[in-house]
Structures are given as structure tokens and as C-alpha cells.
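J.: would you be able to build a 3D model of this:
(one chain, ligands or ions: 1)
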Amino acid sequence: MSISLQGVGRRFNREWIFRGVEQTFVSGESYAILGPNGSGKSTLLQVLNASLAPSAGTISFTLNDDKLEAEYVFKHIALAAPYMEVIEEFTLSEMIDFHFKFKNYLSGIGRAEVIALLGMETSKDKLIRYFSSGMKQRLKLALAFFADTPILMLDEPTSNLDNQGIDWYLSLIQRYAAGRLLIVCSNQEHEYSFCHHQLRISDYKQS
Ligand SMILES: Nc1ncnc2c1ncn2[C@@H]1O[C@H](COP(=O)(O)OP(=O)(O)OP(=O)(O)O)[C@@H](O)[C@H]1O
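T.: Residues are numbered from 1 along each chain as shown. As a prediction, the model looks like this:
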């Protein structure tokens, strides 16, 4: 799978958030999108996952060398982001079952494995509403990592995680990100230091 941007820009009203992005993202590679708060990392990620159209330039997606229309891209992407909500009225088991009605599990993974890998066996019947912010973040990461998609997009992946949670995130990267197209939006080095490529939003701020 690949995503190719030619001269891509996005603006809101009259303000250009970024312009002139030229980059191809390919399977098996990892990319960090970097910049301070409010710089446009999440906006670029939304353009990359086709939930937001560019205001300038073109974006193209290919799957197994075939062109993929933007409207079908979401099927091939797993995303964990602060603006994505888990469903508070569900228990952990229900949330996992619901999510994996729409995405396939990675090979060798099922609901029991997800719960075990989360270390949440004693919370499987607990309502998500009563999860701590760190538990919710771990759940979002697990739902993304354990979905069988060629693209994995992570926006601020360790927000609300303690040091143990950060180590857990890094172990997921090692075990489950290999071979996928990985894109991490971040301004914290421990979240992206392993990425092969770095894009700085500040390089695309020309007026
Ligand atoms: N729908 C929208 N309408 C108008 N402005 C928007 C919209 N979405 C984002 N923006 C603006 O675009 C800019 C970039 O926002 P974005 O969320 O992409 O930044 P970010 O780098 O991801 O920030 P953070 O690190 O705080 O998450 C901000 O000025 C934001 O206010």
C-alpha cells in the first residue's frame, strides 16, 4: 500500500495550515509527522486517511499496484487518535467485539488475546465509562494495532500513558508494526524515535 502526495496543501478559511507537501508513504516504512501543538499534524493525518480533502494538490492511494479510490481507503487503515472516541456504554468485551465487526483481527489474535495483551482480564466486563484515561488510551492503541490493516496511523500515541504504558506501546511497535505503513503524529521523541522518516510541518508553512 502507498500514499502519494503531490503539492498537497490544506487551509481552513484563509489560513493555510500546510502547503506544497511532496511525499510518498510506502509499506514497511515508518514516518513521523512532527510539529508543535496546533501546527497541523492531525490535519495532515486526516488528509492522509482521506477523511479530509486537500485544498490544493493531489493525493493518490495504491493497493497491490492498483489505484484505490479515496472513499475506500478507510477499510485499509487502523487509527488511534485523541479525537476518536471509544463507546462509553460498552463493556471492554463488547467494545472489542463491536470494533472487530468492521475490521479483521491480526492472525492469531482474538478477543481473549486482545484482553490478555491489554492486561485487562479483570476488567473485561467493566463499562468503558469507568476506565481511567490511561486504560482508554491502551484500548485505543490495541484496537488499532490488532486490526489486520496495511496502514497504521497513530496520533499522539502515548497521551495519558505512564512509563509502563510507554514501554507497552514500544513493545507493540516492535511486535505488530513491522511490514505495515506506520505514521505517527507526535511532538514527543519517545513516541517516534524508531521512525525511519521525519516530516516537519514547519517545512510546509510558506505563505
Ligand atoms: N475544522 C477546522 N476548522 C478550522 N480550523 C481548524 C479545523 N481543524 C483544525 N483547524 C486549525 O488547524 C490548525 C492545525 O490543527 P491540528 O489539530 O492539525 O494541529 P496539531 O499539530 O495536530 O495540534 P496538537 O499537537 O495540539 O494536536 C489549528 O490552528 C486548528 O485550529
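
J.: could you point out which element follows the worst-scoring helix or strand of the chain on mean pLDDT?
T.: Ranked by mean pLDDT, DSSP states H and E, the weakest helix or strand in the chain is strand 66-68, scoring a mean of 94. Moving toward the C-terminus from strand 66-68, the next helix or strand (DSSP states H and E) is strand 77-80.

J.: put the alpha carbons of the helix or strand just after that following strand into CSV.
T.: Next along the chain after strand 77-80, taking DSSP H and E as the criterion, comes helix 92-102. What follows is helix 92-102, C-alpha atoms only, in CSV (Å, rounded to 0.1, in the frame of the first residue of the first chain):
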residue,chain,number,x,y,z
LEU,A,92,-14.5,-3.9,27.3
SER,A,93,-15.6,-7.2,25.7
GLU,A,94,-18.5,-5.5,23.9
MET,A,95,-16.2,-2.8,22.6
ILE,A,96,-13.7,-5.3,21.2
ASP,A,97,-16.5,-7.4,19.6
PHE,A,98,-18.0,-4.2,18.0
HIS,A,99,-14.8,-2.9,16.6
PHE,A,100,-13.8,-6.3,15.1
LYS,A,101,-17.2,-6.5,13.2
PHE,A,102,-15.7,-3.9,10.9
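
J.: and the pLDDT at the residue most central in space within the chain?
T.: Geometric centre of the chain, nearest residue: Met153, 2.1 Å, by Cα atoms, centre = their mean. We have a pLDDT of 98 for Met153.

J.: ditto for the one 3 residues further on
T.: Among the per-residue scores, Glu156 holds a pLDDT of 97.

J.: next, the residue lying closest to it once chain neighbours are set aside: phi, psi?
T.: Among residues not flanking Glu156 along the chain, Pro82 sits closest, at 5.6 Å (Cβ to Cβ, 6 or more residues apart in numbering). To be clear about C-beta, it is placed using only N, CA and C from the backbone, and glycine gets the same treatment. As for Pro82, its main-chain torsions (degrees, to the nearest 10) stand at phi -60, psi -30.

J.: residues contacting Pro82?
T.: Shown in contact with Pro82 (Cβ atoms under 8 Å, 6 or more residues apart in numbering): Asp155, Glu156, Ser159.
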